[in-house]
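> sequence and computational prediction follow.
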Amino acid sequence: MGWPHIPESLYCWPSTTHTHTSTDTCAHTHTHTHIRTQGMDMGDTQIIVGEDRAARILSCSLQEGINGLVSKSLEAKEFAYCPYSKFRVGAALLAHDGTIFTGCNVENACYNLGVCAERNAISKAVSEGYRTFKAIAIASDLNEQFISPCGGCRQFMREFGTHWKVFLSKPDGSYVEMTVDELLPVSFGPEDLKKKKVFTIQNGY
């Protein structure tokens, strides 16, 4: 079996120190100290192989995926229907198979009927048969702080697990990473109802 195809953009060039940063690709600093010496000589260029290279490629791919998810949430924000609060929110949900579902907040003249972006995205995914998620990115117009989901959305996310990632962003694409468990510690979920059923059967009431 041959080597898998790896795009040239992911090659490591140890002859120089290179820093690459953009909103679309991952940021690296390639130096001699960070790169293994074993590899395949190709003239003045050495293509590094081994665990370090694989880890770097995986890291780059992951970073690109996160940036892409945040970008999708920013795009979804543009469709927000919020004539009352004027507070736009977008969300992009990553399912276990790589499918992305987006959602925005939709308000209503009967205020309590409004739906948050996070719940819209999750409901859209669930209506398509999805139950397992890897991450969700959330965006708003707040410049001075990262957007934070409301308590209801935290519980809504928790319904589908506690350890998946939540990326809270700003309009410039920067973000902080948390987990559902960190956003809603000591939480209540579906498994707690199952425990109650077991307790009821064992104790006869």
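Structure's in. What do you need? Numbering: from 1, shown residues only.

> please, where are all the strands along this structure?
Taking DSSP state E as the test, the strands found in the chain are 18-20, 28-30, 39-42, 45-48, 89-95, 100-104, 133-140, 165-169, 175-179.

> flag every buried residue along the lengthiest helix in the chain.
Residue-count comparison of every helix in the chain, with assignments taken from DSSP state H, identifies helix 51-77 as the longest. Counting neighbours by 16 or more other CB atoms under 10 Å, one finds that the buried residues in helix 51-77 are 53, 56-57, 60, 65-74, 76-77. (Glycine included, C-beta is placed from N, CA and C.)

> elements contacting that helix?
When contacts are defined as 3 or more CB pairs under 8 Å, 6 or more residues apart in numbering; DSSP states H and E, helix 51-77 sits against strand 89-95, strand 100-104, helix 117-127, strand 133-140, strand 165-169, strand 175-179.

> partner strands of the last one and their direction?
On the basis of DSSP bridges, the sheet neighbours of strand 175-179 come out as strand 165-169 (antiparallel).

> quick one: contacts of the partner strand?
For strand 165-169, contacts defined as CB atoms under 8 Å, 6 or more residues apart in numbering pick out 66, 69-70, 73-74, 134-140, 146-149, 157, 175-180, 183.

> would you map out the domains in the chain?
The record's domain split for the chain, according to automatic domain parsing, is 8-69, 72-191.

> in TSV: these, plus mean pLDDT.
Below are the domains of the chain laid out as TSV (pLDDT from 0 to 100):
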stretch	mean pLDDT
domain 8-69	49
domain 72-191	98
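
> most packed of those domains?
Of the domains of the chain, the one with the most neighbours on average (mean count of other CB atoms under 10 Å) is domain 72-191, at a mean of 17.

> tell me the one among the buried residues of helix 51-77 nearest to residue 94.
For residue 94, the closest of the buried residues of helix 51-77 turns out to be residue 69, at 5.7 Å, with distances computed as CB to CB.

> please name the nearest non-neighbouring residue to the closest one.
By the measure of CB to CB, 6 or more residues apart in numbering, the closest residue to residue 69 outside its immediate chain neighbours is residue 137, 4.3 Å from it.

> isn't that neighbour right next to residue 70, touching?
Yes. Taking CB atoms under 8 Å as the definition, residue 137 is a contact partner of residue 70 at 4.6 Å.

> okay, and the common contacts of those two?
Common neighbours of residue 137 and residue 70, using CB under 8 Å, 6+ apart, are 92, 167, 169, 175.
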